[in-house]
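1. Return a 3D structure for these sequence lines:
(one chain, ligands or ions: 1)
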Amino acid sequence: MLMQMQDVRLIRDGKTILDDINWEVNNGEHWAIIGMNGAGKTALLNLVCGYLYPTKGTISVFGKQFGHYPLNELRKQIGWVSLSFSEKMQHHADNSGIQIILSGKFASIGLYEQPSWNDIEKASEILEQLGIERLREQSYRSMSQGEKQRILIGRALMASPKLLILDEPCTGLDFLSKELLLSTINQMADKQQTTILYVTHQLDEILPIFTHSLLLREGRIFSQGLTKNQLTSENVSNFCNTPVQISQENNRYLLELGLKTGV
Ligand SMILES: Nc1ncnc2c1ncn2[C@@H]1O[C@H](COP(=O)(O)OP(=O)(O)OP(=O)(O)O)[C@@H](O)[C@H]1O
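-> This is a model prediction of the structure:
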């Protein structure tokens, strides 16, 4: 088992942000975490990485319970790609694609240590696997938003994380860049050993690689399990308190408002 939360509650400033969280992630699974704004998705990820501590309940990551494991060791094995991280990277915008990827080895923002030949080889492999070799020498500053996201995923992979968190990676991307990013994620899931937790508001981003889904509403798990059982018209209609019709086309989920009458 990779991660387990038992009966977790999180209270901050007198407000219950998460409650009754029972969730298990196993090797070989990739999870989509779906929730509206303010549902508690970021808080949930902060608990996984030990940036927040639960008010009640227990959390184990990689088989070790919190409090029994140095958090910096744990975090080295978790890659987290988010918009706030991408903003921090702006201070090192002169770095090239390969330099940014290499910095992931040292968990630093910016490259201060001399990488070995093995590191450079690994970074080159990642560039190739993600289909972004052409960004190798290009400055981060000059990359498009979608290219930056793909480089940051590469950076996270450099540390060979057991768990990779992609926090709304398609935010701000145009439809073409979004499709390119999704296809990169698809390829990566195929070739890397890492388990992905993918946070999103959008059902069309939930690729077939996401075997499992967790639907979070107002700080509680609304439902969880195999994606194909979660993303049904009935379940999603109940989840959003609005009748919706879910269909699948080319292995992608589509959502339409309103139920078809069938007549
Ligand atoms: N320190 C805090 N004190 C009080 N409330 C907080 C604190 N941190 C988060 N919250 C609240 O907890 C709720 C969940 O926040 P969170 O950022 O986890 O949501 P989210 O699902 O990631 O939302 P979004 O999709 O908009 O990013 C929000 O209502 C937020 O205002």
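
2. does the ligand sit close to the host helix or strand of Phe222?
-> Assessed by DSSP states H and E, Phe222 sits inside strand 220-226. No - using C-beta under 6 Å from any ligand atom, we find that strand 220-226 stays clear of the ligand, coming within 11.5 Å at best. Placement of C-beta: from N, CA and C, glycine included.

3. Could you find the closest non-adjacent residue to the residue of the stretch 151-263 of the chain found nearest the ligand?
-> Ranked by C-beta to the nearest ligand atom, the top residue of the stretch 151-263 of the chain for proximity to the ligand is His201, at 6.2 Å. Using C-beta to C-beta, 6 or more residues apart in numbering and skipping the chain neighbours, the partner closest in space to His201 is Met36 (6.7 Å).

4. Verify the contact between Ile100 and Tyr140 for me.
-> Yes - in this structure, Ile100 is within contact of Tyr140 by C-beta atoms under 8 Å, at 5.6 Å.

5. Near the ligand, which residues of the stretch 1-150 of the chain? Just list them.
-> So far as C-beta under 6 Å from any ligand atom goes, the stretch 1-150 of the chain lies against the ligand at 12-13, 15, 17, 35, 37-43.

6. Are any of those buried, and if so which?
-> Buried subset of these (neighbour count, 16 or more other C-beta atoms under 10 Å): 17, 35, 39-43.

7. Sort out which of the residues you listed are in helices and list them.
-> 41-43 (DSSP state H).

8. Now do the strands in the stretch 101-250 of the chain.
-> 163-167, 195-200, 212-217, 220-226, 244-249 (DSSP state E, counting those that start in this stretch).

9. Can you redo those strands as a markdown table, where the extra columns are mean pLDDT and distance to Val8?
-> Formatted as a markdown table, the strands of the stretch 101-250 of the chain follow (pLDDT from 0 to 100; distance: least, C-beta to C-beta, whole Å):
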| stretch | mean pLDDT | distance to Val8 |
| --- | --- | --- |
| strand 163-167 | 94 | 17 |
| strand 195-200 | 96 | 15 |
| strand 212-217 | 98 | 12 |
| strand 220-226 | 98 | 10 |
| strand 244-249 | 94 | 29 |
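
10. pLDDT (mean, whole number) over stretch 170-184?
-> For stretch 170-184, mean pLDDT rounds to 89.

11. picking up where we left off before, tell me the predicted confidence for the residue of the stretch 151-263 of the chain closest to the ligand.
-> 89.

12. ditto for the one 4 residues further on
-> In the predicted model, Glu205 carries a pLDDT score of 96.

13. which ones are touching it?
-> Taking C-beta atoms under 8 Å, 6 or more residues apart in numbering as the contact definition, Glu205 lies against 32, 170, 178, 182, 198.

14. contacting residues for the fourth one?
-> Looking back up the chat, that one is Leu182. Applying C-beta under 8 Å, 6+ apart, the residues near Leu182 are 170, 205, 207.

15. let's see it at 10 Å
-> Going by C-beta atoms under 10 Å, 6 or more residues apart in numbering, Leu182 touches 169-170, 173, 204-207, 209, 252.

16. got the buried residues for stretch 113-121?
-> Across stretch 113-121, burial judged by 16+ other C-beta under 10 Å covers 115, 119.

17. If you average the pLDDT over that stretch, what comes out?
-> Averaging pLDDT along stretch 113-121 gives 87.

18. first to last residue in that stretch, what's the distance?
-> Terminal residues of stretch 113-121 lie 16 Å apart, using C-alpha to C-alpha, to the nearest Å.
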